[in-house]
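Visitor: Return atomic coordinates for the entry below.
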Amino acid sequence: MSQPPGPYQPPPPQPPPGWPAQSPQPPQQPPPPPQQGWPQPPQQNWPPQNQPPPAPQWGPGPQQQWPAQPMPAGPPGPTLGTHLKRAFDWNLAEIVVTPKEQQQLAAAGVEPRMQGLFAWRRSTLLVALPLLLLSVVLSFVQAGQTELAGYTELGKLINWLPPIALAFVPLGAVIVIRNWTVMQRSSKTMIICWVISIAIPLLVALVPLDYVLDIDGQRQIYLANGYTNDDFNALVFISRLRKATVYALTLLPVVLSVPGGVIKGAGRAKSLFPSASLPGWFLVAVAPFYSMFMIVVFVLIDQIMGNGLLLLGVGLLAFTPWLFVINRRVYGRPLASAEAPAALARVSRPGGILTILGVSFVAIYMLTGHVQKTKVLGGDENKAYFTYVQVLRTLGEVFARSLVTTVVFSTIFVYLVFAEWRTMTQMHGGIKQEHDEQMRALQRYIDDRPAQATWATGPAS
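Guide: Take a look at the predicted model:
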């Protein structure tokens, strides 16, 4: 009786002459598939069919074998050069925001027309912020070095109030920069900080010297050391002059920045809303006062350091604001958005040239001038009236305050333009008719011609 076939044995390496004989299979079992004698293909390391292939490791664990992919770069933002250019740019309607700024402004719901104002405001404050912080540090250093012997308790407190007040300006600037896509709240905070920085030094300057110095106590000390009463009164008078000079130098950057900020703020508001007449008329009205104010400030300096070059530079700087009055027909009338850039650039270009010439003449005199054989500007305070550090500090503070004041008054004029438009649109029929009649009556005095006949038949007749 035959045995069932055992496991299949592969043939020897030599090819057999024929297929090997197969043993008869039981009818109930199918025969196994024929096996070939040629070499087997290389075995692949396929996973078992009853297990799914392992999922790739995408996480940052130790099994991660994929190379690190660089994160996609975001939209470009403004550079330092962009911020510097914007700080000196007068036409807010032509300021181009970067893609990153546009995304942030659009997310905040800022209209495209207003995006230039928001971007300019942040860039201007970013440029002014380092100078403001440096001014604050130097002010605190100067207050700390002040000899307070003979001061009253109020006088010691007053000594620290001006630097504390100055610190409000960079504080407001930081708040606006952090919330630069929000106009209302940040602008109000900036205005409040700016007002505090001006009001406190003015109040300090108004405090009489008798409340700052212990005059009676110092009098007893001087009389005990052999001084007469007249000698002490002379020393007190000199102290009053010295304090007045210190207050004048402290308030000079504040006072110089206000009228200049009004003019620059009104000019930028006019460039942004050329159809509005209010900013242009502010330019025309404030310009003469700014000119006279500059002359008054430089009168004392000119009398002490009189020089033809200095007089020429101050004269050019004082005449520059009158260009707004000369070009009042351009600034005071509504302009279309298409004609405004060319028209405003044409009338403002001479003012920029005269300002550069005036500053150049003053700088040349400061660097080369002498008063009674003493240099006006030098590195040693014992050999010059002003040191380079003092002048640079004053110029830096004036420049930074001027930028901040320009931002403040630009915001104020934006609100004024909107208030003017809302008032005109809300004027109802009766008041509007009365206003028109009053303006027609005024026309004969302004135009120097008979009033139009149309108003004579109105309801007022």
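Visitor: So, low pLDDT: which residues of the stretch 301-450 of the chain?
Guide: For the stretch 301-450 of the chain, applying pLDDT under 70 flags the ranges 301-306, 448-450.
Visitor: in it, which spans are strands?
Guide: Per DSSP state E, counting those that start in this stretch, the stretch 301-450 of the chain carries strands over the ranges 370-371, 374-378, 384-387.
Visitor: Leu357: which of those strands is closest?
Guide: strand 374-378 (19.6 Å; C-beta to C-beta). Every residue, glycine included, has its C-beta placed from N, CA and C.
Visitor: what packs against that closest one?
Guide: Judged by 3 or more C-beta pairs under 8 Å, 6 or more residues apart in numbering; DSSP states H and E, the packing partners of strand 374-378 are helix 340-368, strand 384-387, helix 388-426.
Visitor: Mind putting these into TSV with mean neighbour count and distance to Val262?
Guide: Supplementary listing: the helices and strands packed on strand 374-378 in TSV, determined by neighbours: other C-beta atoms under 10 Å; distance: least, C-beta to C-beta, whole Å:
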stretch	mean neighbour count	distance to Val262
helix 340-368	16	15
strand 384-387	16	28
helix 388-426	18	5
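Visitor: okay, these in a markdown table with distance to Val296 next?
Guide: Converted to a markdown table, the helices and strands packed on strand 374-378 look like this (distance: least, C-beta to C-beta, whole Å):
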| stretch | distance to Val296 |
| --- | --- |
| helix 340-368 | 16 |
| strand 384-387 | 20 |
| helix 388-426 | 16 |
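Visitor: ok, back up a step: and of the strands of the stretch 301-450 of the chain, who's closest to Met183?
Guide: Put simply, out of these the one that sits nearest Met183 is strand 384-387, at 40.6 Å, with distance taken as C-beta to C-beta.
Visitor: Direction included, what does the closest one pair against?
Guide: As defined by DSSP bridges, the strand partners of strand 384-387 come to strand 374-378 (parallel).
Visitor: who touches the strand it pairs with?
Guide: Identification of contacts with strand 374-378 by C-beta atoms under 8 Å, 6 or more residues apart in numbering yields 305, 365-367, 369-370, 383-388, 391.
Visitor: how does it look with 7 Å?
Guide: If you take C-beta atoms under 7 Å, 6 or more residues apart in numbering as the criterion, strand 374-378 is touched by Met305, Met366, Leu367, Gly369, His370, Lys383, Ala384, Tyr385, Phe386, Thr387, Tyr388, Val391.
Visitor: of all those residues, which comes closest to Asp231?
Guide: Within these, the smallest distance to Asp231 is 27.5 Å, found for Tyr385 (C-beta to C-beta).
Visitor: Chain neighbours aside, what residue packs nearest to that closest one?
Guide: The spatial neighbour of Tyr385 that comes closest, neighbours along the chain excluded (C-beta to C-beta, 6 or more residues apart in numbering), is Val376 at 5.4 Å.
Visitor: could you dump stretch 426-434 to CSV, C-alpha only?
Guide: Only the C-alpha atoms of stretch 426-434 are listed here, as CSV (Å, rounded to 0.1, in the frame of the first residue of the first chain):
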residue,chain,number,x,y,z
GLN,A,426,-26.9,118.1,10.7
MET,A,427,-27.7,121.7,10.0
HIS,A,428,-31.5,121.8,9.4
GLY,A,429,-33.3,124.0,7.0
GLY,A,430,-34.1,127.1,9.1
ILE,A,431,-30.6,127.5,10.6
LYS,A,432,-29.0,126.8,7.2
GLN,A,433,-31.1,129.4,5.6
GLU,A,434,-30.2,132.0,8.3
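Visitor: And that stretch, how far out from the chain middle?
Guide: Relative to its parent chain, stretch 426-434 has a centroid offset of 41 Å by C-alpha atoms, centre = their mean, to the nearest Å.
Visitor: list the buried ones in it?
Guide: Within stretch 426-434, no residue is scored as buried using 16 or more other C-beta atoms under 10 Å.
Visitor: Give me the angle between the helix or strand where Pro253 lies and helix 340-368.
Guide: Under the criterion DSSP states H and E, the helix or strand holding Pro253 is helix 229-272. Put simply, helix 229-272 runs at 150 degrees to helix 340-368, going by axes from the mean of the first three to the mean of the last three C-alpha atoms, to 10 degrees.
Visitor: Perfect, that will be all.
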